[in-house]
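1. This is a predicted model, with the sequence first.
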Amino acid sequence: MLSGGHLLSVLIFFPAAGALALMMLRGDDYKFIRAIAMLVSVAELLFSLILLRGVPIGTSGYQLEEFAKWISAPPIHYHLGADGISMFLVLLTTFLTPISVLASWSSIQHRVKEFFVMLLLLEVGVIGVFFALDMFLFFLFWELMLIPMAFLIGIWGHERRVYAAVKFVLYTMAGSILMLVGIIWLYNATGTFDLPTIQQALANGQLVLEPRTEMLLFLAFFFAFAIKVPLFPLHTWLPDAHVEAPTAGSVMLAGVLLKLGTYGMIRFCLPLFPEASHRAARWVAVLAIIGIIYGALVSMVQPNLKKLVAYSSVSHLGFVVLGIFAFQNISMQGAVFQMLAHGISTGALFLLVGMLYDRRHTFEISEFGGLSTPMPKLAAFFLFVALSSLGLPMLNGFVGEFLILLGTYQRHWGWAAWAALGVILSACYLLWSYQRVFFGEITREKNRTLLDASVREKWILATMAVVILWMGIGSPFITRRTAAATQTVMDQVEPQRAYEASSPASVKPQAKIVRMNAAQTAAIERLGSR
Amino acid sequence: MTTPLLVFFVLSALAVIGAVNLILQKHPIHSALSLIVVMVALAGLYLLMGAEFVAAVQIIVYGGAIMVLFVFVIMLLNAGVEEHTSLSKLAGPPGLLLAAALAAFVAATIARSGASVQAATQTGALSSTKGISEMVFKDFVYPFELTSFLILVAILGATVLAQREKS
Amino acid sequence: MPAHPMLEYLWIVPLLPLLGSAVNGLLGAQWPNKYIIITAISSTGLAFLCALEAVREFFDSGQVLFHKEYFTWMAAGNFRAGFDLQLDQLTVVMVLVVTGVGWLIHIYATGYMTHEGGYYRFFSYLNLFMFFMLILVLAANYALLFVGWEGVGLSSYLLIGFYFLRKSAADAGKKAFIVNRIGDFGFMLGMFLLFRAFGTLDFAQIFAKADLWPKDATGQFGTLTIACLLLFMGATGKSAQLPLYVWLPDSMEGPTPVSALIHAATMVTAGVYVVARSHILFTHSPTAMLVVAIVGCATAFFAATIGLVQTDIKRVLAYSTVSQLGYMFLACGIGAFTAGIFHLMTHAFFKALLFLAAGSVIHAIGGEQDMNKMGGLGKKIRWTYATMLAATVAIAGFPPFAGFFSKDAILFAAFQSATGGRILYGLGLFTALLTAFYMFRLIFLTFSGRPRYDEKKVHVHESTWSMLGPLVVLAILSVIGGWFALPAFFQRPDYFANFLGPVFGVREAVEAGGEAAVHQLELILAGVAVVAALIGWAVAYWLYVSNPRKADDLAKSMRPAYTTLLNKFYVDELYAAFVVRPLLWLSTNVFWKAADVAGIDGTVNGIAHGAAAIGDTVRHSQSGNTRSYAVWVVAGAIVVLAVIFFWPSASKTALGLVH
Amino acid sequence: MFPRAIDMYRVLPELMWCGFGVLVMFLQPFVRGRQFFTFLALLGSLAGTGAAFASFLHGGPGFSGLVQSDSFTFFFRLLVGSVSFLVVLAAGPYLDREKLPIAEFYALLFFATAGMGVLASAQELLTAFIGLEMSSISSYVLAGYRRDSLKSSESAMKYFLLGSFATAFFLYGIALVYGATGTTLLDKMALTDGTSTLLKLGLALILIGLGFKVAAAPFQVWTPDVYEGAPTPVTALFSAGPKAAAFALLLRIFATVPAATQYWFWAFWVLAVLTMFAGNLGALVQTNMKRLLAYSSIAHAGYILVAFAAVTSMAQGGSSEAAPAYAAVLFYLLSYALVKLGAFTIVSQLGGTGEKNLSLDDYAGLSQRQPFVAAMLSIYLLSLLGLPVTAGFFGKFYIFKAAVNSHLISLAVLMAINSVIGAYYYLRVIVVMYMREPSAEAAAAGPVPFPLGVNAVLLITFVGTILFGVYPNPVINFILRPNLLAH
Amino acid sequence: MVPTNYYVILSAILFGLGVFAFIFKRNVITIFMSIELMLNAVNLAFVAFSQALGKLDGQVFVLFVIVVAAAEAAVGLGIIILIARNRQTLNVERVDLLKL
């Protein structure tokens, strides 16, 4: 369906145009640069709101599709589309970008122009990833967003920024290159890079992957996504990247980039390799649960506030992965919701930590203490956000966690029980750190005179708080729109339910590789000619 | 043992001794002379095979022109006895062992595969210098022309490298 | 205009305190105290009035269960959790207690908190608590109930940590929240299991379906048993039962009105409420019931023993609360839900009063909480003394005070209960004795004897009427609150039981007004209970009024027991030593430093360093010596030749291996 | 006997290059103006490249099968022609700066280009050998072109000695192959019995000789030294031209002689692995930009060898499915040549007089001193790294695809690992440029001037890198045509 | 009649000696001579094969090889002179400025 015009392309390339325009500007008029960046990102946000209308509720399949032939051999198409899941992730991105711009308003003081250019380019890459329906295109954007992020960390980060930036890139690249091999392998088996085509072929049985191949392919994709998520034990890039990144970088990293991994799992691993997903599910679940508990425990004992938040992401994203691999509609929806919720609340936490850093130039918890007295407003916001992060009902974190656990429980009560421990632990580390930062008498003289939230900061935080609250109360606004998409994924992953621990080798698919037949190829061509 | 075979062994012994002597001699001029011995012995072998033209070219161009150039350079540079350094760890026994192994392997493989060399059928044609010239100017005229450019390169290169600074 | 507007707009009841909270929280910082008071009092007062109106309409509509869905809050797949409120008899009791007692405490607090900083913050939190508590009791499904459940935990956290400059206060708040979360962990799992079993979390549907289930046999772990036990785990957290009671004594770090409202009257009873609300599930699981009864009884006794020796006036009350909550669970565990709820209500009156009065005492004596530094206050603060005495008599179980009726109902039910009833009864009775003892000990130490404080420095003064007013009202309630059950003693239907009958089943109500033999027994047991209370009073009198030294001697002669009690059986220390510290140590040294930094990250960095080291080796093969390079070339030649000639699979068939 | 006109057409580019080489040599004593020679050289390389079109239009075997003018040849002629054109553009300012004679340089460059053209078009081993020698001997001289520089002359010596050493292997291989098959014509060779041991040995030796030329490990040892010592524009030429030509010959042998594909497969497999690791690991610890790029060249040769392994594996089955693998090699060589030329040109220009500023530290804060240059270099490095929207990405993509197509998953995975290792040192350069502050003296010295010729090179390579990174269709369609190698 | 194989084996031996000499010698000129030795070995093989096959092209190749060798010699010796001038030594081991 190409009725949607070119909204998706516009959404992808508008920030790129903005970045280009910024590049043309003279570099020394910071105010003007910031204003332009803000303008572009807000305009982008407004554009992206059109998506809400473009992706109707309850309609499965991809909407607002765009299709153009691109590379002839191998056949690679410029194929975009949105469904409920990607729509909201894009909205999250377009929402967090202006927030990031605003958060960098005064804390970025050198090489301002490049900073905003990088931020906008990052947005391009991320949105591209969410909209891409051609696996090659997906990979292209996937790699593309690495560089701006690395620059954001490496140029505007803190002391060990270079180490962190390089680590970030290498880690991610290690996974993504394997994914490239996987993508090509899949192409070999199917003759197309087009995701919907492959899905269709899988659905009507024209394509059956041999189990071992399927597993290897699954792993190739999964590995890349697991690094991005990050799933234990592939997470060690995350604390470094977060601690060293500037506030906006952390916000985008935690808010959006981590979701690319879980998004990839939903979009690729499950629908394309249902059998392998089933076989791997229990191991993935174990890793996710370890991540939840381990991330929380490690987070609890961090002396560095930002690292604490970073490790908490490991824990929270563990929930998401668990929710995805529980293969329950409820938990899947919970996972999608949790992705959004985590984006907002952890993003807000990073904003707050950044604001503290702006004032004290340190992340060490021991350097703080008693901050409630000089800055009650900031303390209140921090508490609010922390509560959302620890999953207080009526705030956004709860809905996701609850749905995930509820759904997971339906599959396997043990998984849910272990994972639910994370709920206890998140309260431990967040409240304990909150106490050490904000409660008690002031222990450092310097802290006595710190300024409370400025008007700009208050606006940022209030916006975040409103979204947090709104998501916590009005969650059906989102879940209704993601329902069709998650249901589609469930339909794709569940029908071949040969997965039964008790009956091994009950239904073994025949080891055959079926190539695209002529009719399908023709179908692609037709799609292209429109 | 037939006469050609005897001649072959004598000449090949000469060639090998020359080659070994090239290695053993300390002074480059002695090495150069040993090389000339090898070349002459090879020219003899060419004659033995009935390739007179090649043998002549071997003597004239190789033994004559090229080796003279060598000797000339040795004299020009006033090269003395070879300095026996052993800075390279690899080029000691291990490297030489490797080289020997390589040589042995190649020789042994050739020896074992003797049957695969196609048998000689008509030896008479070999003596034809006319045949050679026809081939050079007909079948191989393109590489032949290219070699002319190659020599140009050599001349140009030598002048570029060896000329003194103009300033 | 609907027939019952207040019922239709029931959401207004919880919303009013929320508005109050929001207004005070957002604007209060710049306001004078007066505005803050007006906002806080009016919002809760209005809520109380609205609740009354709703109750009136409820009666008006013939006491039919009211249920209304307002909006969907969570929906995914076949799961839906709505913002659905309901009102039945049980809710009526709870709503009135919460709004009524809550309002009184608000009024009290306006006086009590006058001299504290952060006035607006306090009332904002307090109103927020009201909001969540009302959500809790009005909720029509477990999910929404859980909102209130967690929300009151949050408010409790905020209010306990109100004096955040004090580390102990912040610690206590955090502890409360986390221990509650541990309980919530169970509660959540319980909900998940219920959803799995019934496909919904709505009370009405679950209970309707559960009613059709066969009973889980005793000793077996059927779905309902596990679900009940998990829910009960949540209840032990919220209602401070063994083993999760540890947070409640610490919560006394909060301002006294908070202790009265949250940690005596309302929030801590949420666990009891949930068990009562889920009674259909529980009654289907004898095992779970037994566990509830045992835990309740054990907690009642255990907490009472600790209460014997505490010297901090609020801590005595705190342990007393734990103990009394144990009674309520005991009641629920033996199936006497009505009695449990009845005790919940009376307890709300007299325990709130006790706390408020204690607050008044503390206020009077300048912030001192140690009873060893009080004494002889009875003459100086008569109103406080009188009201507190009334509450003490009530809790000790002397007729016709409220506590007598409710406690008696529980003990009677325990005595009659089939499984292990006599043991439970015996323990309960002994606990009643202990209760009377430590409560009178409190009264005697505080109000009788000679002053043990520095009379020159401390100017003892009676509190203002904004504080005394609520005391008086509560005192009256403490006296008459139990009279609902009075008819039972005259072989007439128990009003309270009758009222709750539709909820808990008519059978119970009939039993309460049963045959003559039963009635006789009830009278005898009541007498026994009164005797026990009298013994408790007598011992307290003997130890603390007649022979004041005797108490110390006794403590000395039984030092191990005494110190054990004084240190609350070292439970906190045990938790610290076996859970908290090992966990922190493990997290720091094993998970973080060993596994994460050294292990995983070390491996990653190790690979990087390894690569660099190999790179350095490669680089050093680049010696710059042409002869070496020649050797490399020769080596390469040998490699190529070796591969071409000797590679085992260098043939077409073996090529298949890589395919 | 004068050859037929059609034969002349089919070797027209080489003739053009040689002719212009001779012309430059001839005019050298008469004309003083340096600009004149640069202009002439540009004209010449364009003429040669343009002649490639002519010979493509009159395609077919020439000189009784010694050479072949087909699409494949055309591609490589265009490639080496463009390379020489760009090297001329870049070398002009360089030679001026270093005050080196200009005419001889261009003449040698022309002969070298012609040699590469011969290599690409040769259908017969001896012709190929002559072509190889033409390009090699010119290269030796070019490497030592800065006569006064110790490094340059050393570079020439090493290149010369080792190059000749390897050439001897190559030649011996030809001799053995000749002995085994009785011919040196590739298409005739294809008709003979492919199982003889002598042929096997001969092919092995040929592989050794060519392996040296393409800097496959463990023959790679000369590369860093020679690349570092040679004048930088020459290094650029080395990395792009001769390597491509040697690969062309290898491909030609593959495509024509079945025995080669059979014997060479595992050798390529092993060489590919060794080369990738040697290049990438060696580059990890380099601090000299030229050496770093040299090691990276080795690594990239390794990647191309992966594609070769894929070609062999496919060609063994005799199926037409090898075409994408050939295409992968060709596209990679193109993208790689563009990028390497651009990168070396920047290095050359930033090196300053006497090539002093080659250390990585000299690049610190380049993004602030010369943002444009830093951005360009970053693009090249990212292309080498294989990030999307650059030609290097597609190059790598096609190689991966070829490897996976041939079921060489393990090789693909090893290549993936190497890509990650490679990413580290490319990033390191970017990090230094963008994330470190410039040294005081560098900041004081001000920006290094970039003359017109250099900028033209950068523009062309940049546009090419991005263009082929976004829209590779024309190239891909061309190199995927079924009659790429008419045999 | 001498079997062709003999010639080829001799050529292999000479080639091997050339390789050996290349590694063993230190003097640049001598090393270059060992290359010439290798080329001679190749020539011998060509002629031998040419004779065995009864084809003349092998001998033509020899001519080409000799020409190439001459060209190489010219350039090579030029380089050697350059080195000798720049470094005042002919020992390859002393020419190791470029390394690591």
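-> Arrived safely, thanks for sending.

2. what residues are up against the nearest residue to residue D:168 once chain neighbours are set aside?
-> Spatial nearest neighbour of residue D:168, excluding adjacent residues (Cβ to Cβ, 6 or more residues apart in numbering or on different chains): residue E:38 at 3.9 Å. Heads up, the C-betas are built off the backbone N, CA and C, glycines and all. Residues near residue E:38 by Cβ atoms under 8 Å, 6 or more residues apart in numbering or on different chains: D:165, D:168, D:172, E:14-15, E:18-19, E:22.

3. show me where pLDDT drops low in the stretch 201-350 of chain D?
-> D:314-321 (pLDDT under 70).

4. Which pLDDT value belongs to the residue of the stretch 351-487 of chain D found nearest chain E?
-> Nearest residue of the stretch 351-487 of chain D to chain E: residue D:358, at 12.2 Å (Cβ to the nearest Cβ). pLDDT for residue D:358: 86.

5. count of neighbours near it?
-> Residue D:358 is flanked by 21 other residues according to other Cβ atoms under 10 Å in any protein chain shown.

6. check contacts around it.
-> Residue D:358 touches D:288-290, D:347, D:351, counting by Cβ under 8 Å, 6+ apart.

7. Which of the residues you listed sits closest to chain E?
-> Nearest member of these to chain E, counting by Cβ to the nearest Cβ, is residue D:288, at 9.1 Å.

8. Hmm, residue D:360 and that closest one touching each other?
-> Yes. With contacts counted by Cβ atoms under 8 Å, residue D:288 reaches residue D:360, the gap being 7.2 Å.

9. Show me what counts as buried in the helix or strand that contains residue E:71.
-> If you go by DSSP states H and E, residue E:71 is part of helix E:57-87. By neighbour count on 16 or more other Cβ atoms under 10 Å in any protein chain shown, the buried set for helix E:57-87 is E:57-84, E:86-87.

10. how about it against chain B, any contact?
-> Yes. Against chain B, helix E:57-87 shows contacts by Cβ under 8 Å from any Cβ of the partner chain at E:57, E:59-60, E:62-64, E:66-75, E:77-82, E:84.

11. Relative to residue D:280, how far out is the residue of chain E found nearest chain A?
-> Closest approach between chain E and chain A, counting by Cβ to the nearest Cβ: residue E:100, at 23.1 Å. Distance from residue E:100 to residue D:280, counting by Cβ to Cβ, to the nearest Å: 16 Å.

12. And these two? Which one has more around it.
-> Neighbours per residue (other Cβ under 10 Å) separate residue E:100 from residue D:280, with residue D:280 holding more: 29 against 18.

13. So the more buried one sits against residue D:423, correct?
-> No. Contact between residue D:280 and residue D:423 fails when scored by Cβ under 8 Å: they sit 9.4 Å apart.

14. Averaged over its residues, which helix or strand of chain B has the lowest pLDDT?
-> Scoring the helices and strands of chain B by mean pLDDT, DSSP states H and E places helix B:129-134 at the bottom, with a mean of 84.

15. and that helix, does that touch chain D?
-> No. Under the criterion of Cβ under 8 Å from any Cβ, chain D is not reached by helix B:129-134; the shortest gap measures 8.9 Å.

16. Counting by contacts, list what that helix packs against.
-> helix B:52-57, helix E:57-87 (3 or more Cβ pairs under 8 Å, 6 or more residues apart in numbering or on different chains; DSSP states H and E).

17. Any idea how many residues pack against residue D:375?
-> When neighbours are counted by other Cβ under 10 Å, residue D:375 registers 16.

18. Residue of the stretch 51-200 of chain C closest to chain B, please.
-> Of all residues in the stretch 51-200 of chain C, residue C:178 sits closest to chain B, with a separation of 65.8 Å (Cβ to the nearest Cβ).

19. can you pull the pLDDT of that residue?
-> For residue C:178, pLDDT reads 87.

20. related to what we said a few turns ago, please look at the residue of chain E closest to chain A and residue C:624 and confirm they touch.
-> Yes. Judged on Cβ under 8 Å, residue E:100 makes contact with residue C:624 at a distance of 7.2 Å.

21. Let me have the contacts of residue D:358 in CSV, extended by neighbour count, distance to residue C:603 and secondary structure.
-> Listed next are the contacts of residue D:358 as CSV, based on neighbours: other Cβ atoms under 10 Å in any protein chain shown; distance: Cβ to Cβ, whole Å; DSSP: H, G, I helix; E, B strand; the rest coil:
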residue, neighbour count, distance to residue C:603, secondary structure
D:288, 17, 31, strand
D:289, 26, 31, helix
D:290, 23, 34, helix
D:347, 22, 35, helix
D:351, 23, 39, helix
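
22. Please name the residues that touch residue 167.
-> This is for chain A. Residue A:167 sits in contact with A:237, A:240-241, C:604, where contact means Cβ under 8 Å, 6+ apart.

23. that's the other chain; I wanted chain D
-> D:129, D:132-133, D:136, D:209.

24. Tell me what angle the helix or strand hosting it forms with helix E:57-87.
-> Take DSSP H and E as the rule and residue D:167 turns out to sit in helix D:150-181. Angle of helix D:150-181 versus helix E:57-87, following axes from the mean of the first three to the mean of the last three Cα atoms, to 10 degrees, is 170 degrees.

25. Pull out the buried positions in helix D:150-181.
-> D:151-181.

26. helices or strands up against the next helix or strand after that helix?
-> Per DSSP H and E, the first helix or strand lying C-terminal to helix D:150-181 is helix D:186-189. Helix D:186-189 sits against helix D:150-181, helix D:232-256, with contacts defined as 3+ Cβ pairs under 8 Å, 6+ apart.
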